[in-house]
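A.B. asks: Let's see this in three dimensions:
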Amino acid sequence: MLGAIIQVLLSGFIIGGLARWAVPGPDPMSVPLTILLGVFGSFLGGGIAAALFGTDQTSGDVFAILIGSILASIVILVVYRRYAQHRPLTGPAAQQPPTERPNLGTLFGRRGPRKPS
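C.D. replies: So this is what the prediction gives:
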């Protein structure tokens, strides 16, 4: 049981790290958030790839699930950066670190706390 937990955390870290590496620009994301990004991407992309290609233990199916996991993690990271951090994906502003911490309410269309003028 402990081995399975360590395997999920390690694969989540690797897949999340690959997703962060694929999306340009700085991302001040902690290690636990990188692991969560990889784990959620693995569940989403791996599940879709397994449904499309099957779950046989052939190298092609395993590779498709791995690629699906990485692509889903990239999509999750792009959505997080665009809608939670309010940062562009391309251009010079994408290379700048975020100016404020993301607020969960901004994901649901609510405005975050206002700054005093």
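A.B. asks: which residues touch the closest residue to Met29 other than its chain neighbours?
C.D. replies: What sits nearest to Met29 in space, not counting adjacent residues and going by C-beta to C-beta, 6 or more residues apart in numbering, is Arg20, at 6.7 Å. C-betas here are computed from N, CA, C, even on glycine. Contact partners of Arg20, counting by C-beta atoms under 8 Å, 6 or more residues apart in numbering, are 27, 29, 34, 37, 77.
A.B. asks: per-residue confidence for Arg20?
C.D. replies: Confidence at Arg20, expressed as pLDDT, is 90.
A.B. asks: Please identify the buried residues of the longest helix belonging to the chain?
C.D. replies: Criterion DSSP state H: the longest helix present in the chain is helix 31-53. Residues 34-42, 44-46, 48-50, 53 are the ones in helix 31-53 that count as buried (16 or more other C-beta atoms under 10 Å).
A.B. asks: farthest pair in those residues?
C.D. replies: Among those, the pair separated by the greatest distance (C-beta to C-beta) is Thr34 and Phe53, at 26.4 Å.
A.B. asks: And what about Ser86, helix, strand or coil?
C.D. replies: One thing to correct before we go on: residue 86 is His, not Ser. Using DSSP: H, G, I helix; E, B strand; the rest coil as the criterion, the local structure at His86 reads coil.
A.B. asks: Compute the number of surrounding residues for it.
C.D. replies: Residue neighbour count, defined by other C-beta atoms under 10 Å, stands at 14 for His86.
A.B. asks: Check it and give its pLDDT.
C.D. replies: On the pLDDT scale, His86 is placed at 79.
A.B. asks: can I assume Pro88 is in contact with Ala94?
C.D. replies: Yes: at 5.0 Å, Pro88 and Ala94 qualify as touching, with contact defined as C-beta atoms under 8 Å.
A.B. asks: ok, the residue nearest to Met29 to Leu71 distance?
C.D. replies: From Arg20 across to Leu71, the span is 14 Å (C-beta to C-beta, to the nearest Å).
A.B. asks: what do you get for Ala94?
C.D. replies: 20 Å.
A.B. asks: got it, and Val8?
C.D. replies: The gap separating Val8 from Leu71 is 19 Å, by C-beta to C-beta.
A.B. asks: So Ala93 sits against Arg82, correct?
C.D. replies: No: contact criterion C-beta under 8 Å: Ala93 and Arg82 do not qualify, at 11.9 Å.
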